[in-house]
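>>> dropping a prediction and its sequence here:
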Amino acid sequence: MIFYFTGTGNSLAAAQTIARATDDLLVDIGAAYKYKDFDFTLAQGEQLGFVFPVYNYTTPPIIDAFLKRARFRTGNKETFTPDYCFAVISCGAFVGSTARVFGKRLLDAQGINLDASFSVKSVGNCTYLYAPAQGEKRKRLLAGAELAARETANRIAAREHVRAEHRNPLGIVLSKFTEKDEKPRSTSEFFALPTCISCGQCADQHHHDHRRHAPLGRAGLHAVPRLPAPLPRERHPVRCEDRASRPLRQPRPRESSQARITLLPSLVQAIP
């Protein structure tokens, strides 16, 4: 069973690729919050996976809370112990010590050891620091992310015990400042820009109530995989170039030159 949390679709894409390759079941962590259902029944020894994005070189708050609230049990209500447990972290560059932090919190909350950790680099969407990649660069990043997810799925299927995520020395140092229980930057203040076309796909994906809207940039952050996408070039959730879907501002009527000439004598007479 693979539990995933997605903020903009990158982690969802990776989770879907891995689930297909390993013939596993996907479970939306956001839906668990929406329906307030944190009881999960698994077969004893079943593979257990987690897919989520890195937030400020550490785990997202919703992942920390989920580990504390989730109850993994077998059909006989016994304590569940997986034969293999992995984590896949999506990122724009590197994840620092996120996997180590996650592994420690998983062990503390559930008594489960993390056997392997991977990362999938995709389109970065930390919009308060930089604008997401666009054009050909974005296409290359998405193609690379799909390839990395497939390679990761093969390693998971082989039950490799590795630490294969993009850590980077700088990321490890930054994680020292962000791996606390109190996250350094809240996601509750993120909001949609006026350029949002209200397609509803963000709301459909964000079941949990931690954020009312997705964090958006000036243009589409990602391609939503295998979901109905009415937008051209898979842009989602906003588009700046195509204005056809929004009503155009009507110009103010201008007075004709004849009307101005007609009014001129009366204005002159009114001057003392």
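Yep, that arrived.

>>> contact partners for Glu160?
For Glu160, the contact set (CB atoms under 8 Å, 6 or more residues apart in numbering) comprises Ala116. Yep, even glycine has a C-beta here, placed from its N, CA and C like the rest.

>>> next one: Leu25
By CB under 8 Å, 6+ apart, Leu25 lies in contact with Met1, Ile2, Ala19.

>>> list the contacts of the last one.
This points to Ala19. Neighbours of Ala19 in contact, by CB under 8 Å, 6+ apart: Ile2, Leu25, Leu26.

>>> name the residues of the helix or strand harbouring it that are buried.
Assigned by DSSP states H and E, Ala19 falls within helix 10-22. Across helix 10-22, burial judged by 16 or more other CB atoms under 10 Å covers Asn10, Ser11, Leu12, Ala13, Ala14, Ala15, Gln16, Thr17, Ile18, Ala19, Ala21, Thr22.

>>> helix or strand right after that helix?
Next along the chain after helix 10-22, taking DSSP H and E as the criterion, comes strand 26-28.

>>> which residues does that following strand contact?
Contacts of strand 26-28 (CB under 8 Å, 6+ apart): Met1, Ile2, Phe3, Tyr4, Phe5, Ala15, Gln16, Ala19, Phe40, His207.

>>> closest to Gly96 among those residues?
Checking the contacts of strand 26-28 against Gly96 with CB to CB, the nearest one is Phe5 at 17.9 Å.

>>> residues in contact with that closest one?
Going by CB under 8 Å, 6+ apart, Phe5 touches Ser11, Asp28, Ile29, Gly30, Val51, Phe52, Pro53, Pro60, Ile62, Ile63, Phe66.

>>> show the backbone phi and psi for the residue lying closest to the first one once chain neighbours are set aside.
Counting by CB to CB, 6 or more residues apart in numbering, the nearest residue to Ser11 once its immediate chain neighbours are dropped is Ser90, at 4.5 Å. Note on Ser90: backbone dihedrals following degrees, to the nearest 10 are phi -90, psi 150.

>>> that'll do, ta.
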